[in-house]
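>>> Below are the sequence and a predicted model for it; my questions follow.
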Amino acid sequence: AQSVTQLGSHVSVSEGALVLLRCNYSSSVPPYLFWYVQYPNQGLQLLLKYTSAATLVKGINGFEAEFKKSETSFHLTKPSAHMSDAAEYFCAVSPNTGNQFYFGTGTSLTVIP
Amino acid sequence: DAGVIQSPRHEVTEMGQEVTLRCKPISGHDYLFWYRQTMMRGLELLIYFNNNVPIDDSGMPEDRFSAKMPNASFSTLKIQPSEPRDSAVYFCASSAYGTGRGNTEAFFGQGTRLTVV
């Protein structure tokens, strides 16, 4: 069965500091992986996705994530946090032969001025 | 494309009333998903359709919940009768099956915030 684990339901960083949000997946074969962002009272918006091409994936708003098969991880990073990055972030996995999306429990990012 | 369109954005209803949530997926997408989001349970998949056919409804909480997709451009999620514990944000999402392996990303609507009093 596919699943994702997001370590840390709440992360706080200072403005300008590195953002690191962790995601580990369980899958017998490398799946498709996604990071979504949800701003208050809005739907989920795709930040970036991994679909078996380059292992370092660049997304919108300066975010990037690296697929590491050996660690079954897909952590999300941004070199310098901005106040506008405060939101809920979801990691998701879709099996490479399946039709569903499995979401993590989300990580709430707070940016401290 | 206008994206996934959900209506209404907000719904307040009394316990026992019927509630119908509506979704228009992105044109050309052959998968449609209904999710429920609450603080306690996070994002839960309720049901999903492929080419208008329900594939997996194991996430539907009770018989009070039903979903239909009469055509490729419209789906409904109905709760009858509604209860206060159904209060949540309900999201509809659609996706297309990729030419490689598996689905491309899911595109989400803005959600319907349901409050049952």
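Happy to help now that I have it.

>>> contacts and neighbour counts: CA atoms only from here.
Will do.

>>> and the residue nearest to the spatial centre of chain A, what does it touch?
The centroid of chain A falls nearest to A:W35 when counting by CA atoms, centre = their mean (3.6 Å). For A:W35, the contact set (CA atoms under 8 Å, 6 or more residues apart in numbering or on different chains) comprises A:46-49, A:76, A:89-92.

>>> So in terms of bridging, what pairs with it?
Each beta-bridge partner of A:W35 is listed here: A:L48, A:C91, as defined by DSSP bridges.

>>> Need the pLDDT of it.
In this prediction, A:W35 carries a pLDDT score of 96.

>>> now A:V29
Spelled out, the predicted local distance difference test score at A:V29 is 71.

>>> That one and A:P95: what is the separation?
From A:V29 over to A:P95 the distance is 8 Å, taken as CA to CA, to the nearest Å.

>>> With neighbour numbers in mind, choose between these two.
Neighbours were tallied for A:V29 and for A:P95 using other CA atoms under 10 Å in any protein chain shown; the higher tally belongs to A:P95 (22 against 11).

>>> helix/strand/coil for the spatially most central residue of chain B?
Chain B has B:W34 as the residue nearest its centroid, 2.7 Å off, counting by CA atoms, centre = their mean. Following DSSP: H, G, I helix; E, B strand; the rest coil, the label given to B:W34 is strand.

>>> So it is in contact with B:I47, correct?
Yes - between B:W34 and B:I47 there is a contact at 5.5 Å, judged by CA atoms under 8 Å.
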